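Engineer: predicted model follows, preceded by the sequence.
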There are 2 protein chains.
Amino acid sequence: MLIDGKKIAAEVKAEIAARVRQLVASGNRPPHLAAILVGHDGASETYVANKVKACHECGFRSTLIRFDSDVTQTALLDAISGLNSNPDIDGFIVQLPLPPQIDEQAIVEAIDYRKDVDGFHPINVGRLALGLPCYVSATPQGIALLLERYGIATEGKHCVVLGRSNIVGRPTAALLMQKSYPGNCTVTVCHSATEHLEQITRMADILIAAIGVPHFVKPEMVKPGAVVIDVGTTRLPSKLTHSGWKLHGDVDFDSVAPLCSAISPVPGGVGPMTIASLMLNTLLAATGEVYPKR
Amino acid sequence: MLIDGKKIAAEVKAEIAARVRQLVASGNRPPHLAAILVGHDGASETYVANKVKACHECGFRSTLIRFDSDVTQTALLDAISGLNSNPDIDGFIVQLPLPPQIDEQAIVEAIDYRKDVDGFHPINVGRLALGLPCYVSATPQGIALLLERYGIATEGKHCVVLGRSNIVGRPTAALLMQKSYPGNCTVTVCHSATEHLEQITRMADILIAAIGVPHFVKPEMVKPGAVVIDVGTTRLPSKLTHSGWKLHGDVDFDSVAPLCSAISPVPGGVGPMTIASLMLNTLLAATGEVYPKR
């Protein structure tokens, strides 16, 4: 079975749009997401443009605040402070990475956690680990939505996560070990130092690859019947595409797919879900379902 | 090899005391820990008394603030607010559990995370998950100290944690997967829903049992040569002790110990380390090594 992230993302956004129409019909203003974009990095421009587009699809208001790449930390902190105190903004993001003169962690921690719809603030990370209501960051939530929408059994299953990054591996592990569906998995986190990797990945009922090494996962690493979720998004040059590059996953799709009960492709798997997750968090910020509105 | 937590805890406290003597000799006041104790629960009284005693051993000042069990949440929050703003207090704890009229999570979150030497505030939990400087809670830190002091190899080793509690299982997993020693383990978290448990625990190079089921870990669950850390502390009635009860670990010690390369007993293993860890956090709070002093 192919896990179609593009289709599920479209469904999730359509559900959000329906909910927004209800909210507006009841006399509420639409949810409002702001984004801070520093500089003109190509990938960041694309991501932010896609987020703004998704806001439009969901019926949200969006505000884009741009700074040149020589912005000072003080100016950024001032902008964040303004968004924190602006009751017209439900949630906002600061597109990463930031230029070297900026302390990225200080920026993330300056965001009011109640508006931190990226889920990167330590309070949201901590509340996720503790099983408390929070904004779950986009990729782990996107993975969970895919498992849920495809009705994949997770309770008691062994989920092996390849990679321990702060934005994918660790929070995905935290999410999938929680006492709820999708979750309640036995979770193993593997990484660059792991010994006997193949022996461990072959135990996985659900294998989540998030290491950023193209085609790393080969058939001999996968148990027949496993569910494989590919989070890899490495851009490699290509002569076959108009853009001149092609997106590669961490899974050697062609050789691994025949073994799997379900597999998500790259592109079209987890990728489209991340923006749908951000929209979901923004809706929850607007309705006060995670943190009560003041 | 028997992992002697009592001995290591005494060593750690002696090292802290030496450091405090240096601090005081350089003209600083000694570290100062405060504890809030509500009601007269026997176990809580014992824990707090032991913490006060450990402060004395380490050369710390300690302050005990008592409330009756009918205390209001407002009164507790006022006391916390006072400790947060008191520059003479480096760190403080609120002994848990609290009576039913109190929202325990609200109390934990009211503590200034820079004085949260128990490491229970979501900011400290989140910073641990993110690999940032923080107060690591007592039990995970106690386990890490035991592994370190006994020179147990952890890099690339498979550590299986039995139990996913917020105070032991999850933070221990977060700590041992970090890119540092002791850590850099492949980490698996098992729990009540885990299928094929024995198959998984038998893969463990390091097995950490924290489920609170006496004698749950039997020899057939343990790989020969494994390191076993027992975090269980279940009190069962006993006719053989003066107190009328005896502490039981999660590991069936007598049958499992012969298999292990190292094992921590109960009592005398992780237990004594938890208070040593609290003292260590209080020292770090006093010196501003985790969060700069304002």
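Structural biologist: It's in. Residues are numbered from 1 along each chain as shown, chains lettered A, B, ... in the order given.
Engineer: need the residues of the stretch 1-150 of chain A near chain B, please.
Structural biologist: Contacts of the stretch 1-150 of chain A with chain B, taken as CB under 8 Å from any CB of the partner chain, map to A:105, A:121-132. (Glycine included, C-beta is placed from N, CA and C.)
Engineer: tabulate those residues (CSV), appending neighbour count, pLDDT and secondary structure.
Structural biologist: Shown next, in CSV, are the residues of the stretch 1-150 of chain A next to chain B (neighbours: other CB atoms under 10 Å in any protein chain shown; pLDDT from 0 to 100; DSSP: H, G, I helix; E, B strand; the rest coil):
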residue, neighbour count, pLDDT, secondary structure
A:105, 13, 96, helix
A:121, 24, 98, coil
A:122, 25, 98, helix
A:123, 26, 98, helix
A:124, 29, 98, helix
A:125, 31, 98, helix
A:126, 27, 98, helix
A:127, 25, 98, helix
A:128, 26, 98, helix
A:129, 27, 97, helix
A:130, 21, 97, helix
A:131, 17, 96, coil
A:132, 16, 97, coil
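Engineer: and the furthest pair within those?
Structural biologist: The span of those, defined through CB to CB, is set by A:105 and A:131 at 24.2 Å.
Engineer: so residue A:209 touches residue A:165, yeah?
Structural biologist: No: applying CB atoms under 8 Å, one finds residue A:209 not in contact with residue A:165, separated by 11.9 Å.
Engineer: out of the two, which sits in the busier spot?
Structural biologist: residue A:209 (30 against 16; other CB atoms under 10 Å in any protein chain shown).
Engineer: and the residue lying closest to the more buried one once chain neighbours are set aside, how many residues sit next to it?
Structural biologist: Among residues not flanking residue A:209 along the chain, residue A:250 sits closest, at 3.7 Å (CB to CB, 6 or more residues apart in numbering or on different chains). As a burial measure, residue A:250 scores 26 neighbours (other CB under 10 Å).
Engineer: what's near enough to touch residue A:250?
Structural biologist: If a contact means CB atoms under 8 Å, 6 or more residues apart in numbering or on different chains, then residue A:250 has A:162, A:209-217, A:230-232, A:234, A:266 as its contacts.
Engineer: closest one to chain B out of these, please.
Structural biologist: residue A:162 (10.5 Å; CB to the nearest CB).
Engineer: from chain B, how far off is residue A:219?
Structural biologist: 21 Å (CB to the nearest CB, to the nearest Å).
Engineer: elements contacting the lengthiest helix in chain A?
Structural biologist: In chain A, assigned by DSSP state H, the helix with the most residues is helix A:5-25. Where contact means 3 or more CB pairs under 8 Å, 6 or more residues apart in numbering or on different chains; DSSP states H and E, helix A:5-25 is packed against helix A:42-58, helix A:138-149, helix A:270-287.
Engineer: what is the helix or strand following it packed up against?
Structural biologist: Downstream of helix A:5-25, the first helix or strand assigned by DSSP states H and E is strand A:32-38. For strand A:32-38, the packing partners by 3+ CB pairs under 8 Å, 6+ apart come out as helix A:42-58, strand A:61-67, helix A:73-85, strand A:91-94, helix A:270-287.
Engineer: by contact count, what packs against the first one?
Structural biologist: The reference is to helix A:42-58. helix A:5-25, strand A:32-38, strand A:61-67, helix A:270-287.
Engineer: now that helix: how far from the chain's centre is it?
Structural biologist: 14 Å (CA atoms, centre = their mean, to the nearest Å).
Engineer: then the third one?
Structural biologist: In terms of CA atoms, centre = their mean, the gap separating the centre of helix A:73-85 from the centre of its chain is 24 Å.
Engineer: ok, back up a step: turn the residues of the stretch 1-150 of chain A next to chain B into a markdown table, columns for distance to residue B:85.
Structural biologist: Shown next, in a markdown table, are the residues of the stretch 1-150 of chain A next to chain B (distance: CB to CB, whole Å):
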| residue | distance to residue B:85 |
| --- | --- |
| A:105 | 26 |
| A:121 | 24 |
| A:122 | 22 |
| A:123 | 21 |
| A:124 | 26 |
| A:125 | 27 |
| A:126 | 23 |
| A:127 | 25 |
| A:128 | 30 |
| A:129 | 28 |
| A:130 | 26 |
| A:131 | 31 |
| A:132 | 26 |
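Engineer: in three-state terms, label the residue found closest to residue A:260 once you drop the neighbours it is linked to in the chain for me.
Structural biologist: Closest residue in space to residue A:260, ignoring its immediate chain neighbours: residue A:228 at 5.0 Å, by CB to CB, 6+ apart. What DSSP: H, G, I helix; E, B strand; the rest coil gives for residue A:228 is strand.
Engineer: I figured residue A:228 was touching residue A:266, is that so?
Structural biologist: No: using CB under 8 Å, residue A:228 makes no contact with residue A:266, being 11.0 Å away.
Engineer: which of the two has more neighbours?
Structural biologist: With neighbours defined as other CB under 10 Å, residue A:228 and residue A:266 compare such that residue A:228 has more, 28 against 22.
Engineer: who does that one bridge with?
Structural biologist: residue A:207, residue A:263 (DSSP bridges).
Engineer: over to residue A:234?
Structural biologist: residue A:248.
Engineer: per-residue confidence at it?
Structural biologist: Here the pLDDT value assigned to residue A:234 is 94.
Engineer: for residue A:293, same thing?
Structural biologist: Residue A:293 is given a pLDDT of 84.
Engineer: average pLDDT for stretch A:92-99?
Structural biologist: pLDDT averaged over stretch A:92-99 gives 97.
Engineer: what comes up buried for stretch A:254-267?
Structural biologist: A:256, A:257, A:259, A:260, A:262, A:263, A:264, A:265, A:266 (16 or more other CB atoms under 10 Å in any protein chain shown).
Engineer: let me fix that: stretch A:15-24
Structural biologist: Residues A:16, A:17, A:19, A:20, A:23 are the ones in stretch A:15-24 that count as buried (16+ other CB under 10 Å).
Engineer: the third one: what's it in contact with?
Structural biologist: For residue A:19, the set of contacting residues under the criterion of CB under 8 Å, 6+ apart consists of residue A:283.
Engineer: how close does it get to residue A:128?
Structural biologist: 23 Å (CB to CB, to the nearest Å).
Engineer: quick one, phi psi at residue A:251?
Structural biologist: phi -110, psi 140 (degrees, to the nearest 10).
Engineer: got a list of what it touches?
Structural biologist: Neighbour list for residue A:251: A:209, A:215, A:216, A:217, A:228, A:230, A:232, A:263, A:266 [criterion: CB under 8 Å, 6+ apart].
Engineer: domains of chain A: list them as residue ranges, please.
Structural biologist: A:26-127, A:138-271 (automatic domain parsing).
Engineer: for the ones you listed, which one ends up most surrounded?
Structural biologist: Ranked by mean neighbour count, those are led by domain A:138-271 with a mean of 20 (mean count of other CB atoms under 10 Å in any protein chain shown).
Engineer: just the helices in the stretch 101-250 of chain A please.
Structural biologist: Ranges of helices within the stretch 101-250 of chain A are A:104-110, A:122-130, A:138-149, A:169-176, A:197-201, based on DSSP state H, counting those that start in this stretch.
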